[in-house]
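Undergrad: 3D model of this:
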Amino acid sequence: MAEQWRASHILVKHEESRRCASWRDEDGKQIRARSKDQATAILREYREKIVADPAQFEAIASTDSDCGSAAQGGDVGLFGPGEMQQPFEDAVKSLKVGELSDVVYTDSGAHIIKRTA
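TA: Next comes the predicted model:
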């Protein structure tokens, strides 16, 4: 059986995201107005809060992530090789369980990722 990982993430979409809409911004107005640098700054603020209080991860993911996984506190579930965009998978593989990434960029947008298994 192929190796599998589990992770949670917080996604902040921006004007360069492949799909400029989300459950939080269905028409994409806010996303199209947000630069990649602004998305990065938002995620760095979230990361500081989470480092100070790890319990904040799920709360922030639930309310502020542009991914549908927000409904699960950011949990994307188990996945194997090739099931996620390569930068996301690479970031998860580089983390130890419980570790939090710096900002990671994919075609979907900017993420901070927590490896959970």
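Undergrad: where does the protein have low pLDDT?
TA: 1 (pLDDT under 70).
Undergrad: quick one, helices of it?
TA: For the chain, the helices defined by DSSP state H occupy 29-32, 36-52, 56-64, 86-94.
Undergrad: Just send the ones you listed back as CSV, with mean neighbour count and distance to T116 too.
TA: C-beta: built from backbone N, CA, C; applies to glycine. Shown next, in CSV, are these (neighbours: other CB atoms under 10 Å; distance: least, CB to CB, whole Å):
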stretch, mean neighbour count, distance to T116
helix 29-32, 16, 26
helix 36-52, 15, 14
helix 56-64, 17, 10
helix 86-94, 16, 9
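Undergrad: Ok, which of those helices comes nearest E16?
TA: E16 lies closest to helix 36-52 among the helices of the chain, at 5.5 Å (CB to CB).
Undergrad: Identify the residues contacting that closest one?
TA: 10, 12-16, 56-57, 60, 64, 100, 102-103, 105, 109-112 (CB atoms under 8 Å, 6 or more residues apart in numbering).
Undergrad: ok, now how distant is V12 from D107?
TA: Relative to D107, V12 is positioned 14 Å away (CB to CB, to the nearest Å).
Undergrad: and these two? which has more neighbours close in?
TA: V12 (27 against 12; other CB atoms under 10 Å).
Undergrad: any chance of the helices of the chain in CSV, with distance to L78 too?
TA: Listed next are the helices of the chain as CSV, based on distance: least, CB to CB, whole Å:
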stretch, distance to L78
helix 29-32, 28
helix 36-52, 22
helix 56-64, 17
helix 86-94, 11
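Undergrad: Out of these, which is closest to E3?
TA: helix 86-94 (8.5 Å).
Undergrad: what's the offset of that closest one from the middle of its chain?
TA: 12 Å (CA atoms, centre = their mean, to the nearest Å).
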